[in-house]
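> Just to be clear, the model below is a prediction. Sequence and coordinates:
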Amino acid sequence: MSEIINNREQSQLSKSERQDLLKKIIKDLHNGRSVEEVKGEFEKAVGTITVEEISQLEHALMTEEGIPVAEVQRLCSVHTAIFKGSIEDIHRSERPEEQPGHPIHTFKLENREIDMLVNFKIQLHYDRFKAEDSNENVYKLIEDLNLLLDIDKHYSRKENLLLPFLEKYGILGPTQVMWGVDDQIRAGIKSAKQLLSNYSADADEKQAVISKMDYVIREVSEMIFKEENILFPMALQHLTEDEWVKIAHESDVIGFCLASPAAEWKPERKALADTAVSEGFIRMETGFLSIEQLELMMNHLPVDITFIDQDDVVRYFSHGKERIFTRTKAVIGRTVQNCHPPKSVHIVEDLLRDFKSGKKDHEDFWINMKDKYIYIRYFAVRDENGKYMGTLEFTQNIAPIKELEGEKRILG
């Protein structure tokens, strides 16, 4: 193979041949070859690589080669080191991502702040901690990590707004891989903070902090590179202007990380007109409501409701004033499996399997979340003949209900 690679010019390689070579290189990494060996082979064989080919590569590794998502996530950081300096720039006559307020412009603003926090402020305090693990240096690192936890908003907007649109275009590799790596970074930051919060100046503890901090700094920095050189160019290549407007409009539902949009983004060609509420009515077995009345009624319920159809596609969610869990309109039309982190997908699939088979009709969960006590209920929705039509998720903060005592009557 290497002789063929060395004897052929890159320009002679077809797209499928390039993909085969790329898969071979990543599989070689998987089987233990060094980055140095593979990087040299990569440069000789491929030269530059487009973001589209990286996406196709990750997808092929999972679907055709059978490499688990978790393993692709592990390899992701390694093959990023190989691709650095080789990713082909996508030239566009217009660059909407440079317009203040465009979602990519805001993502990049945040990345500059994240990069400054991680590679300047945190790195400075981390170096001081390694030299002297005094209480003062420990506390400074804890404060820094508290700031870095805000990265959850950056990742959540990426996962819940940007990735769903890429999925609609059949781009699945970044969706599965990046979300998993994001979760690992979140967990790494929390773990580092926990180690420092319980720190007692023990040598083993210090080494554990060093190992975890090295991981956090490296992975956060690598994710910035992956977003700006792989994910963002790929998204700009596929998403329409209307889709970017939707992302910009819904971003404030989740919030921003260390920076805010520089302006409200309004494309020059037009401002999206607000969709008028239909004047139609819906006749049901026990009543007759306008669409506006029905929507207002659902949004005033003191619970969050989400409906998933028989094909596991999210079709509706209520939009009350104080939602317990973040939902954005981008999840509509998306399979529920792709609305959850990879590590929890199996739980969702087990529950839906039981509902579809008739083994269960409902399932309940309850969790503590800050000052709330969350009661989550799932119900199998069936028609009059017992046919499965979907699943209803019903979420409520029952902390105030648990505190009730005695009676309060309507009369007297």
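Nice, thanks for sending it over.
> give me the element the closest residue to residue 119 other than its chain neighbours is part of.
Distances taken as Cβ to Cβ, 6 or more residues apart in numbering put residue 221 closest to residue 119, at 6.4 Å, once the chain neighbours are dropped. For the C-beta atoms, the positions are set from N, CA and C on the backbone; glycine is no exception. For residue 221, the element it lies in under DSSP states H and E is helix 203-226.
> Distance check, the residue nearest to residue 119 against residue 110.
From residue 221 across to residue 110, the span is 14 Å (Cβ to Cβ, to the nearest Å).
> And those two? Which one has more around it.
residue 110 (23 against 15; other Cβ atoms under 10 Å).
> Run through who's touching the helix or strand hosting the more buried one.
Using DSSP H and E, residue 110 sits within helix 103-116. Helix 103-116 is contacted from outside by 96-99, 148, 151, 154, 157-158, 161-162, 220-221, 224, 227-228, 232, 235-236, 244, 247-248, 251, 256-262, 265, using Cβ atoms under 8 Å, 6 or more residues apart in numbering.
> Let's verify residue 288: helix, strand, or coil?
Recorded secondary structure, residue 288: strand (DSSP: H, G, I helix; E, B strand; the rest coil).
> Which residue, other than its chain neighbours, is closest to it?
Nearest to residue 288 is residue 281, by Cβ to Cβ, 6+ apart, at 6.2 Å.
> list the contacts for the one you found?
Residue 281 touches 288, 289, 290, 291, counting by Cβ under 8 Å, 6+ apart.
> close enough to count as contact, the second one and residue 297?
So that's residue 289. Yes. Residue 289 is within contact range of residue 297, at 7.4 Å (criterion: Cβ atoms under 8 Å).
> Tell me which of these two has more neighbours.
Between residue 289 and residue 297, counting by other Cβ under 10 Å, residue 289 is the more crowded of the two (14 against 11).
> ok, and the closest non-adjacent residue to that one?
Residue 289 sits nearest to residue 282 (Cβ to Cβ, 6+ apart), 5.7 Å away.
> now swap in residue 154 and tell me
Nearest in space to residue 154, with sequence neighbours left out and distances taken as Cβ to Cβ, 6+ apart, is residue 257 at 3.9 Å.
> what pLDDT does the one you found get?
Looking at residue 257, its pLDDT reads 94.
> Spatially central residue for the chain, please.
residue 159 (2.4 Å; Cα atoms, centre = their mean).
> who's in contact with it?
Taking Cβ under 8 Å, 6+ apart as the test, what residue 159 contacts is 178, 179, 182.
> So it belongs to a helix, correct?
Yes. Per three-state DSSP, residue 159 lies within a helix segment.
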